[in-house]
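A.B. asks: can't give you the sequence, but here's the structure:
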């Protein structure tokens, strides 16, 4: 299985268009620090077609940046795009509109995410004049998985956090999930959790059995949003466990045998600066920060 990190930033990217914080200013001065919205492309062993996990507003630029995701020789257009969604947030779904030129879209999502996109955002109504859509259920881990492009995919329920446009919807712990990706041909498993509000028993179990784990790295510490004045809530209060400090994920990840990488970095996180000392803190624990364009072979 090949895992390509198309993007590694939280909503707004790095730099964020309306922000001049040190992270954004640094990315403008040093283009190699730029990060696009978090997303993956995955290729199963022996397969020729990739599928995507999440589709942010820059999804087409992300795909165009990688020749392996462009239409093949003799193919005028990409006939099919497969996308797995980990939640219904705008920064993970706006790119679906930009994929309207595809002949067909296959979208894997949990029931509340699917309902929010189809009913609240009227995605079918907007897209079907341009392309056709097939919706697939994303079953919970432990049940018979869905299969796409040779990979068995399932969801690890994480939290009831709903996007603002669906804040009045019914609570369900599959509003936000981690994507479990198992390659039966290669025997390897990856876990992708760009939003992680609680370190649940279910997530801990799946992480312990994975070969590679991508985890929410939105904020370095719990007080970062309040300290910098971007929110009255803490990192945890915003639905993102911090990387470091009490309740931080670094301690749990350091105990895993899997390769562990942080993604979904906010522009305020010091980790967006490659010279920040926090990188050394993670390296001492055997942990990494994912970069846009990384290819991981499992």
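C.D. replies: Okay, I see it. Owing to the predicted nature of the structure, the values given are computational and were not obtained by experimental measurement.

A.B. asks: going along the chain, name the helices of the stretch 51-200 of the chain.
C.D. replies: When secondary structure is read from DSSP state H, counting those that start in this stretch, the stretch 51-200 of the chain shows helices at 59-64, 90-93, 95-98, 111-115, 123-127.

A.B. asks: how near is the nearest residue to residue 115 once chain neighbours are set aside to residue 179?
C.D. replies: Distances taken as Cβ to Cβ, 6 or more residues apart in numbering place residue 169 nearest to residue 115, at 7.8 Å, with adjacent residues excluded. Bear in mind the C-beta positions are built from the backbone N, C-alpha and C, glycine included. Using Cβ to Cβ, to the nearest Å, one obtains 21 Å as the distance from residue 169 to residue 179.

A.B. asks: same check, this time on residue 253
C.D. replies: Residue 253 sits 17 Å away from residue 179, going by Cβ to Cβ.

A.B. asks: how about residue 167?
C.D. replies: With the distance defined as Cβ to Cβ, residue 167 ends up 24 Å from residue 179.

A.B. asks: look at these two and report which has more neighbours.
C.D. replies: With other Cβ atoms under 10 Å as the criterion, residue 167 and residue 179 differ in neighbour count, and residue 179 comes out ahead with 25 against 8.

A.B. asks: count of residues packed around the closest residue in space to the more buried one that isn't next to it in sequence?
C.D. replies: For residue 179, the nearest residue in space outside its immediate sequence neighbours is residue 192; the separation is 4.4 Å by Cβ to Cβ, 6+ apart. As a burial measure, the neighbour count of residue 192 was computed by other Cβ under 10 Å and equals 27.

A.B. asks: okay, and the beta partners of residue 192?
C.D. replies: With DSSP bridges as the criterion, residue 192 is bridged to residue 179, residue 214.

A.B. asks: how close does it get to residue 295?
C.D. replies: 15 Å.

A.B. asks: ok, now residue 54?
C.D. replies: As it turns out, when the distance is counted by Cβ to Cβ, residue 54 lies 18 Å from residue 295.

A.B. asks: and the two? Which one has more around it.
C.D. replies: residue 54 (26 against 12).

A.B. asks: identify the residues contacting the more buried one.
C.D. replies: Applying Cβ atoms under 8 Å, 6 or more residues apart in numbering, one finds that residue 54 lies in contact with 37-40, 83-86, 92-93, 95, 194.

A.B. asks: correct me, but residue 152 touches residue 186?
C.D. replies: No. Shown here, residue 152 and residue 186 do not form a contact pair, counting by Cβ atoms under 8 Å, at 11.4 Å.

A.B. asks: the closest residue in space to residue 287 that isn't next to it in sequence: neighbour count?
C.D. replies: Closest residue to residue 287 in three dimensions, ignoring its sequence neighbours and counting by Cβ to Cβ, 6+ apart: residue 260, at 5.2 Å. Here the count is done by other Cβ under 10 Å, and residue 260 has 25 residues near it.

A.B. asks: show me the contacts for residue 260.
C.D. replies: Contacts here follow Cβ under 8 Å, 6+ apart; on that basis residue 260 touches 212-215, 253-254, 286-288.

A.B. asks: so which bits of stretch 159-172 are buried?
C.D. replies: By neighbour count with 16 or more other Cβ atoms under 10 Å, stretch 159-172 contains the buried residues 159-163, 166, 169, 172.
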